[in-house]
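Visitor: return a 3D structure for these sequence lines:
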Amino acid sequence: MKLTNNFSLKEFECNCGCSMPGFVKDNVLTLVEDLQIIREKIDKPIKITNAYRCKSHNAKVGGTKNSQHLLGKAADLQVKDVKPKEVADLVESLMKSELINKGGVGRYSSFTHVDIRGTDARWDFTNK
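Guide: Down below sits the predicted model:
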């Protein structure tokens, strides 16, 4: 099911293959609107490595117990030939200018975490 010009629902499903609850899908529909804006600004395809995670899959991958992934409000992104730092900087800029929802930005060496929790949250695990 296509959600936007560049994203489909399949990209947001739990990697374990379980069913996505309805409330999660509602959150994904909000998240994907922001990701589409990011995609248009960066002008390159975005690979979503993680989005919704059920409780058991979240535990298996070492996610926190209050992870936004559990709610369908988070996605981990990679963009070919664009450093995760550049993606994170763009996302922070878009949040600051209120072009996308306020939320979390996590900096990692191989991906950028983006979420729509409604409050600012920042962390940097690039040197860990």
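
Visitor: from now on I want contacts and neighbour counts done on CA atoms only, so please keep to that.
Guide: Noted.

Visitor: what's the longest helix in this structure?
Guide: As assigned by DSSP state H, the longest helix anywhere in the chain is helix 22-42.

Visitor: tell me the buried residues in it?
Guide: Residues of helix 22-42 classed as buried by neighbour count (16 or more other C-alpha atoms under 10 Å): 24-25, 27-29, 31-36, 38-39, 42.

Visitor: who touches the helix or strand just after that helix?
Guide: Counting by DSSP states H and E, the next helix or strand C-terminal to helix 22-42 is strand 47-50. Here strand 47-50 makes contact (C-alpha atoms under 8 Å, 6 or more residues apart in numbering) with 11, 12, 14, 15, 69, 75, 76, 77, 78, 79.

Visitor: the first one reaches residue 53, doesn't it?
Guide: No - if you go by C-alpha atoms under 8 Å, residue 11 and residue 53 don't touch, sitting 11.8 Å apart.

Visitor: and the most centrally placed residue in the chain, which of the three is it?
Guide: When C-alpha atoms, centre = their mean is applied to the chain, the residue found nearest the centroid is residue 75 (1.8 Å). Classification of residue 75 using DSSP: H, G, I helix; E, B strand; the rest coil returns strand.

Visitor: residue contacts, it?
Guide: Per C-alpha under 8 Å, 6+ apart, neighbours of residue 75: 12, 48, 49, 50, 51, 52, 69, 113, 114, 115.

Visitor: how close does it get to residue 90?
Guide: 15 Å (C-alpha to C-alpha, to the nearest Å).

Visitor: do residue 9 as well
Guide: Residue 9 is 24 Å from residue 90, where distance means C-alpha to C-alpha.

Visitor: equivalent analysis for residue 104, please.
Guide: As judged by C-alpha to C-alpha, residue 104 and residue 90 stand 13 Å apart.

Visitor: neighbour count: those two, which is higher?
Guide: residue 104 (23 against 15; other C-alpha atoms under 10 Å).

Visitor: got phi/psi on the more buried one?
Guide: phi -100, psi 150 (degrees, to the nearest 10).

Visitor: report the contact partners of residue 12.
Guide: By C-alpha under 8 Å, 6+ apart, the residues touching residue 12 are 28, 48, 50, 51, 52, 72, 75.
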